[in-house]
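In: structure for this input, please:
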Amino acid sequence: MEDLAGKPVILRTYEATLATELFDAVYVVTDSSIIYDTITRAGGNAIMSKEEHDCGSDRIAEAVEAMDIDIVVNVQGDEPFTDKESLARLLEVFESDLVNEIDLASLMTKIKDPVDISSPNTVKVIVDHSNFALYFSRAVIPYPRAEDIELVYYKHKGVYAFRKQALLDFKRLPMLSLEAAEKIEAIRYLEYGKKIKMVETDVTGIEIDTPDDLEKAKAVWK
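Out: Here you go, the predicted model:
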């Protein structure tokens, strides 16, 4: 609800997602009456959660359970610089998945700043040769034990595209130890054998996780 150039961050994010024109419908799913009222007063679509949820996947699964849909895209509410190109590439993953082996797709971007690489606020991801996720962590992965190896680090951006069934499965499966330790919901999918296709993007944007991030966002918006 912090202000970004005259509108709350959540409303800026909603408007950016709507402006991509990629989706049949866009909703803000929330347990906050303040957020719900902010979106609906602006003419947007919002859904109030009926249950308490620990993460976004649970919240969205409840919201879409009765909807006749196939693919669900989750843009987190702190992503006001959401861009069309990145979301379109996520959707293309499913269009080209002829054997339905991919359960969900998500975005990653290269990071080079040592501060970002070491920061627990930056979730890192490592992938296999086909860009399927192997693991997500707030720690430095891969660990640079061999100093003569040039490593590439990827930041996991909090944007997902799911098959509806993957979301419904997530909601009924209990949290296991790795997800609980890292506080990264994507790990639950891996722990239960789901396949996550990572899509590299050059669009970094700004995820507003801290007051410093908000100040950066304000400067970029200007």
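
In: show me the shaky parts of this structure.
Out: Scanning the chain for pLDDT under 70 picks out 204.

In: quick check: most distant residue from the centroid of it.
Out: Using CA atoms, centre = their mean, the residue of the chain lying farthest from its centre is residue 148. It sits 33.0 Å away.

In: now residue 92: which helix or strand?
Out: Residue 92 is part of helix 84-95 when elements are defined by DSSP states H and E.

In: if you could redo that for residue 108, that was the one I meant.
Out: Assigned by DSSP H and E, residue 108 falls within strand 104-111.

In: do residue 37 as well
Out: Take DSSP H and E as the rule and residue 37 turns out to sit in helix 33-41.

In: just the CA coordinates of that helix, formatted as CSV?
Out: Extracted in CSV, the C-alpha atoms of helix 33-41 (Å, rounded to 0.1, in the frame of the first residue of the first chain):
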residue,chain,number,x,y,z
SER,A,33,-10.0,-5.4,3.1
ILE,A,34,-7.8,-2.3,2.5
ILE,A,35,-6.2,-3.8,-0.6
TYR,A,36,-9.6,-5.2,-1.8
ASP,A,37,-11.3,-1.8,-1.4
THR,A,38,-8.4,0.0,-3.1
ILE,A,39,-8.6,-2.3,-6.2
THR,A,40,-12.3,-2.3,-6.5
ARG,A,41,-12.7,1.4,-6.0
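
In: list the buried ones in that helix?
Out: Buried residues in helix 33-41, defined by neighbour count with 16 or more other CB atoms under 10 Å: 35, 36, 38, 39. All C-beta atoms are positioned from the backbone trio N, CA, C, and that covers glycine.

In: can you check stretch 102-112 too?
Out: Using 16+ other CB under 10 Å as the test for burial, stretch 102-112 gives 102, 103, 104, 105, 106, 107, 108, 109, 111.

In: now do it: distance to the chain's middle.
Out: How far stretch 102-112 lies from its chain's middle: 9 Å, per CA atoms, centre = their mean, to the nearest Å.

In: output it as PDB - backbone C-alpha positions only.
Out: Taking C-alpha atoms only, stretch 102-112 is exported to PDB below (Å, rounded to 0.1, in the frame of the first residue of the first chain):
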ATOM      1  CA  ILE A 102       5.800 -28.900 -17.300                       C
ATOM      2  CA  ASP A 103       3.800 -28.100 -14.200                       C
ATOM      3  CA  LEU A 104       4.800 -24.500 -13.800                       C
ATOM      4  CA  ALA A 105       7.200 -21.900 -15.300                       C
ATOM      5  CA  SER A 106       8.900 -19.000 -13.700                       C
ATOM      6  CA  LEU A 107      11.400 -16.200 -14.500                       C
ATOM      7  CA  MET A 108      15.000 -15.800 -13.700                       C
ATOM      8  CA  THR A 109      17.500 -13.100 -14.500                       C
ATOM      9  CA  LYS A 110      21.300 -13.000 -14.300                       C
ATOM     10  CA  ILE A 111      22.800 -11.200 -11.300                       C
ATOM     11  CA  LYS A 112      26.400 -10.000 -11.000                       C
END
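
In: ok, the residue lying closest to residue 21 once chain neighbours are set aside - contacts?
Out: The shortest distance from residue 21 to any non-neighbouring residue, by CB to CB, 6 or more residues apart in numbering, is to residue 84 (7.6 Å). When contacts are counted by CB atoms under 8 Å, 6 or more residues apart in numbering, residue 84 touches 19, 20, 21, 22.

In: just residue 8 next, same as before
Out: Taking CB under 8 Å, 6+ apart, one finds 1, 2, 38 in contact with residue 8.
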